[in-house]
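1. sequence below, structure please.
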Amino acid sequence: MQLMVKSMTGEYARQILTWKYEAPYDFYNNEGSSESLNELLETPYYAVLNQNNELTGFFCMGKAAQVPFGYTVGAYSEDLTDIGIGMNPVLTGQGFGTLFFSFILSYIQENYKVDSFRLTVAKFNQRAFHLYTKLGFVKKVEFSRGATVFITMVKK
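-> So this is what the prediction gives:
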């Protein structure tokens, strides 16, 4: 699968907002609200397409990739580039994660000259945690917001 990055558009954003993940990953389902649409369009979100121009996923950088409550526990005190990703649910669990996330990391390194990354993952998402560990991320801070436990992971 060949991948490319495009600027987020209204069409891509509306498509992302319709994605539905199966439990327990339904935690990542979005609302089709105007606020959700605006977030995808007004913050640094990027679309990832395959060789057929099909939307395979997205990524974001900066504050958009952080869980706001994490500030209260110092989860984001270190000056690193935060990244967040989302993959089209029809592609999850099929072994595409390594290719998808490696591509995103390489793209950011090449285009933004960044070598140190941080991400935040829900602890229950062991599939993602395993992927991030495989790609060199290490666990840093664990914090809870309501019933959800989050983990920040860093790659330097």
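2. contacting residues for Gly10?
-> Leu37, Leu41 (C-beta atoms under 8 Å, 6 or more residues apart in numbering). For every residue, glycine as well, the C-beta is placed using N, CA and C.
3. distance check, it against Ser77.
-> 35 Å (C-beta to C-beta, to the nearest Å).
4. nearest residue to the residue positioned nearest the centre of the chain other than its sequence neighbours?
-> Nearest residue to the geometric centre of the chain (C-alpha atoms, centre = their mean): Ile85, 1.7 Å. Distances taken as C-beta to C-beta, 6 or more residues apart in numbering put Phe59 closest to Ile85, at 4.7 Å, once the chain neighbours are dropped.
5. from Phe101, how far out is Phe117?
-> Taking C-beta to C-beta, one finds Phe117 at 10 Å from Phe101.
6. list residues touching both of those two?
-> Counting by C-beta under 8 Å, 6+ apart, nothing touches both Phe117 and Phe101.
7. who touches stretch 28-41?
-> Applying C-beta under 8 Å, 6+ apart, the set of residues contacting stretch 28-41 is 8, 10, 12-14, 16-21, 45, 58, 64, 86.
8. direction included, what does whichever helix or strand Arg118 is part of pair against?
-> Taking DSSP states H and E as the criterion, the element that holds Arg118 is strand 117-122. Sheet partners assigned to strand 117-122 using DSSP bridges are listed as strand 81-87 (parallel), strand 148-155 (antiparallel).
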